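*Asks:* Generate a structure from the sequence data that follows.
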Amino acid sequence: MEGYIWRMPWTRTPPIELDALLTREWLVTNGLGGYAAGTLAGVPTRRYHGLLITALPTPFGRTLLLPFLSEHLRLPDGTLARLNFIEHPSHPLQEVGTHSLTAFHLEMGLPVWRYEVAGTVLEKRVLMPHGQNTVLLTYRLISGENSLRLTLLPHVHFRPHEAPVNTAFPRTAWRLMATDGRYELSLRADQPPLRMLLHGQWTAFTPEDTVLTDVYYRVEARRGYDATGELWSPGCFQVDLSPGDEATLVASTEPWDTVQALPPDQAWEAEYERRRRLLQAVPAAAQADMVAALVLAADQFLITPASRVTDAARRHAAGDDVRTVIAGYPWFTDWGRDTMLSLEGLTLTTGRHGEAGSLLRTFATYIRDGLMPNLFPEGETAGLYHTADATLWFFHALDRYLAVTHDRATLMLLLPKLLNIVDHHVHGTRFGIGVDPHDGLLRHGQEGYPLTWMDAKVGEWVVTPRAGKAVEINALWYNALRLLAHWMGEAGDAQEARRLAASAEQAQRSFNQRFWYADGGYLYDVVDGEQGDDPACRPNQVVAIALHYPILAAARWQLVLDVVRQRLLTPVGLRSLAPGHPDYQPQYDGDVRARDAAYHQGTVWAWLIGPFIDAWLKVYPSDRAGARRFLQGFRDHLEAACMGSISEIFDAEEPFTPRGCVAQAWSVAEVLRCWVKTAE
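*Replies:* Just a heads-up that it's a prediction; the model follows:
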């Protein structure tokens, strides 16, 4: 594991090389929700690409400060060699190329570039120290006959990371201050300044107001957003490098004492040591091959939310930490459903049991009216509660946590919350969520609100209307009742345990009577819906087999599993709708409306491989090798989008092009969990 390396297969023949470098991305995070990201080519193609996206307290949220860094080498003969480029609509990149870049790999999950120019070899690395809004870019001249001069032009902005690329930048309002080689750019008194410092043998900074116009972001154009903007630079840093020399540019919003607490070499060693500990904490089955990459990828999603300062103060006062999960990079915040569904893979599989407990206790404090937040909007402290399933996944996550830790103290702390949740669901709570007293099944629905995980909405159009009694919602409800009955029995409340068990039995009887679609040999997706019972063949039905307490009668497990395997399974997860349905969409691409119309209408979701494998091992408990084969498609994918991570979604047909977020928490969590689970 020492110095664990994941290499990109290299193709040196343009234009294949350029396309590969523009469609593959890298990601580095800081444990606060902040990140640095970009393409392997160094060309920004998304509004979210940049070298310093900070996680700032409310109301700012994640803020892009350093979108681009122009890198030039002055060769011994005086010529300039550019290491990276921007794209202009009238100047295609194919005319420029990226021929100096000869290799890229991840070392302990961190990106490393190698450039070869005129007989010299230069290496570049990127690091964000854990728990800081700081980025380090380290350059090392590996070999060469002479010294070179490296010139770095930081192009800055100060906008929310999700804001359009053409957001106006008031560069005349900026103030630049310099003190003993330290440079500080300020815009407003209530916003932290951008601090920059260059470490090296000989360094200089030359102030010079430079504007790059018509910077083109090709992915934004394809997704139907504003795609052209400006970048501004206050000047350039310069440093001379001889063979073996290193130089590091530091950019940060932290106080100078924090920025300079560790010199670059110590900051690098501290982060490598932290990552070595992460790998050493996992089971032997997760310490080799692609799973080591996923253990490091899992670390990117576990954060202390920098924006919710009040929440952190309250948790610290209670002697606990506030922890949450970023659902996906670059644009998602923390979501209740994603956090609970990801908890086992991100924390329990990786030996991070203490953080798992903190996650559960943190989210328990957010429960209102028997519901857990669906999500926390960027830069805000209050959650949105429009979800019917996040709260029920909480029971599942707690069950998995207790199975590993046997943490009775946390269970006893949370039991009143769990009873409150069930009581609200039985008597009815927000968004029409409540138990139908006639059959004991859980229904939901409020006009204009998609309340399940299939939640795409365009304007007032709910793309996948599932109001009524959804199959996975009732599987989760039954599982929650059974779990709570067991826990109450352990706590000595036999009467409450019997009451909960009786409710569970009623729900199970009704489920098996109502949800079986005999003509198809599988389960209805929704019963008692707005259009009656929905026979669409969707992956949600595997949840009825996969959970600790499966609601579906065992005699029907194999029938359902066979249908799902034949119609929904792909090498990278399950389709969200079977081919042949009138609403089936084979590709997820285009503008917002086109994408949302396909989001849950065929598009493949990686996370669904988790419940599928759980169901497979229920039906074939001794076939771990067979279950492992369903994960093999993710091996190649680790080199196809965000290096070392797993995308949110994929097209429904070959070649199963990755789409959506380039790094998704529940995708990584479920593949990692199942890889360990299927180890021989």
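*Asks:* mean confidence for whichever strand or helix holds Tyr139?
*Replies:* Using DSSP states H and E, Tyr139 falls within strand 134-143. On average, the pLDDT along strand 134-143 is 96.
*Asks:* Partner strands of it and their direction?
*Replies:* Using DSSP bridges, the strands paired with strand 134-143 in its sheet are strand 120-127 (antiparallel), strand 246-252 (antiparallel).
*Asks:* Point out the most buried one among those strands.
*Replies:* Looking across the strands paired with strand 134-143 with neighbours counted as mean count of other CB atoms under 10 Å, the highest average goes to strand 246-252: a mean of 23. Using the backbone N, CA and C atoms, a C-beta is placed for each residue, glycine as well.
*Asks:* following that strand, which helix or strand shows up next?
*Replies:* As assigned by DSSP H and E, the chain's next helix or strand after strand 246-252 is helix 256-259.
*Asks:* what's the angle from the helix or strand just after that following helix to strand 120-127?
*Replies:* Next in sequence after helix 256-259, counting helices and strands by DSSP H and E, comes helix 264-280. Using axes from the mean of the first three to the mean of the last three CA atoms, to 10 degrees, the inter-axis angle of helix 264-280 relative to strand 120-127 is 60 degrees.
*Asks:* What are the buried residues along helix 264-280?
*Replies:* Buried residues in helix 264-280, counted by 16 or more other CB atoms under 10 Å: Pro264, Ala267, Trp268, Glu271, Tyr272, Arg275, Leu278, Leu279.
*Asks:* hang on, the earlier thing: alpha carbons of the strand holding Tyr139, in PDB - could you do that?
*Replies:* Output in PDB follows, covering the C-alpha atoms of strand 134-143 (Å, rounded to 0.1, in the frame of the first residue of the first chain):
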ATOM      1  CA  THR A 134      -5.800  25.600   1.100                       C
ATOM      2  CA  VAL A 135      -4.200  24.100  -2.100                       C
ATOM      3  CA  LEU A 136      -0.600  23.300  -2.700                       C
ATOM      4  CA  LEU A 137       0.700  22.900  -6.200                       C
ATOM      5  CA  THR A 138       4.200  21.400  -6.200                       C
ATOM      6  CA  TYR A 139       6.500  21.400  -9.200                       C
ATOM      7  CA  ARG A 140       9.700  19.400  -9.300                       C
ATOM      8  CA  LEU A 141      12.300  19.400 -12.100                       C
ATOM      9  CA  ILE A 142      13.100  15.700 -12.400                       C
ATOM     10  CA  SER A 143      15.900  15.900 -15.000                       C
END
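*Asks:* Please tabulate the strands paired with strand 134-143 in a markdown table, including the columns mean pLDDT and distance to Thr23.
*Replies:* Formatted as a markdown table, these follow (pLDDT from 0 to 100; distance: least, CB to CB, whole Å):
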| stretch | mean pLDDT | distance to Thr23 |
| --- | --- | --- |
| strand 120-127 | 96 | 19 |
| strand 246-252 | 98 | 26 |
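*Asks:* closest one to Asp596 among the ones you listed?
*Replies:* Asp596 lies closest, by CB to CB, to one member of the strands paired with strand 134-143: strand 120-127, at 32.9 Å.
*Asks:* how far is that closest one from where the chain is centred?
*Replies:* A distance of 26 Å separates the C-alpha centroid of strand 120-127 from that of its chain, computed with CA atoms, centre = their mean, to the nearest Å.
*Asks:* again with stretch 171-179
*Replies:* Taking the mean of its C-alpha atoms, stretch 171-179 sits 35 Å from the chain's own mean (CA atoms, centre = their mean).
*Asks:* who's in contact with that stretch?
*Replies:* 156, 183-188, 205, 207, 209, 211, 232, 234-235 (CB atoms under 8 Å, 6 or more residues apart in numbering).
*Asks:* Any idea how many residues pack against Leu418?
*Replies:* If you count neighbours by other CB atoms under 10 Å, Leu418 ends up with 23.
*Asks:* Tally up the residues packed near the residue nearest to it when sequence neighbours are not counted, please.
*Replies:* Of all residues not flanking Leu418 in the chain, Leu484 sits nearest, at 5.4 Å (CB to CB, 6 or more residues apart in numbering). Counted by other CB under 10 Å, the residues lying close to Leu484 total 24.
*Asks:* list the contacts for Leu484?
*Replies:* Phe395, Leu418, Leu419, Val422, Leu500.
*Asks:* tell me the secondary structure for Phe205?
*Replies:* Of the three states, Phe205 takes strand under DSSP: H, G, I helix; E, B strand; the rest coil.
*Asks:* Show me what it bridges to in the sheet.
*Replies:* With DSSP bridges as the criterion, Phe205 is bridged to Phe237.
*Asks:* thinking again about what came up before, how far away from the center of its chain is the helix or strand following the strand holding Tyr139?
*Replies:* Per DSSP H and E, the first helix or strand lying C-terminal to strand 134-143 is strand 148-155. Strand 148-155 has its C-alpha centroid displaced from the chain centroid by 32 Å (CA atoms, centre = their mean).
*Asks:* swap in stretch 335-355?
*Replies:* In terms of CA atoms, centre = their mean, the centre of stretch 335-355 is found 13 Å from the chain centre.
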